[in-house]
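Trainee: structural data only, the sequence is not supplied:
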């Protein structure tokens, strides 16, 4: 059974720092991996989607990498801003079905 | 609207009541998903539709949970005889077919007293 783990569960850093969020998964038979952002009281916003054949994806200050064989993905946020404060979740789409399997998220606080 | 909408946004039910949660997907999205998110946790898959066909309902926690999408557009998640452990945020997402990017609604927060 696929398990997705995110470390750390919470992170607080000063504004302007670069930071890395980690996601690991136990079953490498994935179709793709997505990173989402969740703001309190709001739905989930997709940030980046990496296909299983890709190594990384970039959008603005965000860069996500995927090492499928080792079951790891990282989300790199450059020059963090207070507006980046949110919970970040990773989710994997399995090859064998259409279920997204989620991590519990990393709660990120960027201090002004 | 351009996005996924859900109603109601908040629902308080007494234990034992039946509730119905609605999801309006993005027009043209054939795939529709329901998830349950407990406080402080990631979402858990409940069920998946492709058009009107429910292709996977393996995540529904009990036979009190029922979902339908009769015309391949709007979907309703029904919970019968609600229990306190059903309290959670219920999220709906839609996408183009198969393993495409999912777009989420704001969720319905259900509180069972």
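Mentor: Nice, thanks for sending it over. Remember, it's a predicted structure, so these values are computed and weren't measured experimentally.

Trainee: the residue of chain B found nearest chain A: neighbour count?
Mentor: Per Cβ to the nearest Cβ, residue B:42 is where chain B lies closest to chain A, at 3.3 Å. C-beta: built from backbone N, CA, C; applies to glycine. The tally of other residues near residue B:42 (other Cβ atoms under 10 Å in any protein chain shown) stands at 22.

Trainee: which one is it nearest to, not counting chain neighbours?
Mentor: Among residues not flanking residue B:42 along the chain, residue A:102 sits closest, at 3.3 Å (Cβ to Cβ, 6 or more residues apart in numbering or on different chains).

Trainee: what about the lowest-mean-pLDDT helix or strand in chain B and chain A, touching?
Mentor: In chain B, the helix or strand scored least confidently by mean pLDDT, DSSP states H and E is strand B:103-104, which has a mean of 92. Yes: Strand B:103-104 reaches chain A (Cβ under 8 Å from any Cβ of the partner chain) through B:103-104.

Trainee: how about residues contacting that strand?
Mentor: Strand B:103-104 is contacted by residues A:36, A:43-46, B:3-4, B:26, B:29, B:91-95 when judged by Cβ atoms under 8 Å, 6 or more residues apart in numbering or on different chains.

Trainee: identify the residues contacting the helix or strand just after it?
Mentor: Using DSSP states H and E, the helix or strand that follows strand B:103-104 in sequence is strand B:108-112. Defining contact as Cβ under 8 Å, 6+ apart, one finds that strand B:108-112 is touched by B:6-15, B:19, B:21, B:79, B:82-90.

Trainee: and these, which of them are in strands?
Mentor: Among the contacts of strand B:108-112, the members falling in strands (DSSP state E) are B:6-7, B:10-13, B:19, B:21, B:79, B:88-90.

Trainee: what about residue A:21, distance to residue A:70?
Mentor: Plainly put, residue A:21 is 16 Å away from residue A:70 if you go by Cβ to Cβ, to the nearest Å.

Trainee: wait, residue B:86
Mentor: Residue B:86 sits at a distance of 38 Å from residue A:70 (criterion: Cβ to Cβ).

Trainee: the more surrounded of these two?
Mentor: For residue B:86 and residue A:70, the more surrounded residue by other Cβ under 10 Å is residue B:86, and the numbers stand at 20 against 10.

Trainee: who's in contact with the more buried one?
Mentor: Applying Cβ under 8 Å, 6+ apart, we find residue B:86 in contact with B:64, B:79, B:110, B:112.

Trainee: quick revisit: and the ones in strands among the contacts of strand B:108-112, which is closest to residue A:83?
Mentor: Closest approach between those and residue A:83, by Cβ to Cβ: residue B:89, at 22.7 Å.

Trainee: distance of that closest one from residue B:56?
Mentor: Distance from residue B:89 to residue B:56, by Cβ to Cβ: 21 Å.

Trainee: neighbours of the closest residue to chain B within chain A, how many?
Mentor: In chain A, no residue comes nearer to chain B than residue A:102, which is 3.3 Å away by Cβ to the nearest Cβ. Neighbour count for residue A:102, taken as other Cβ under 10 Å: 23.
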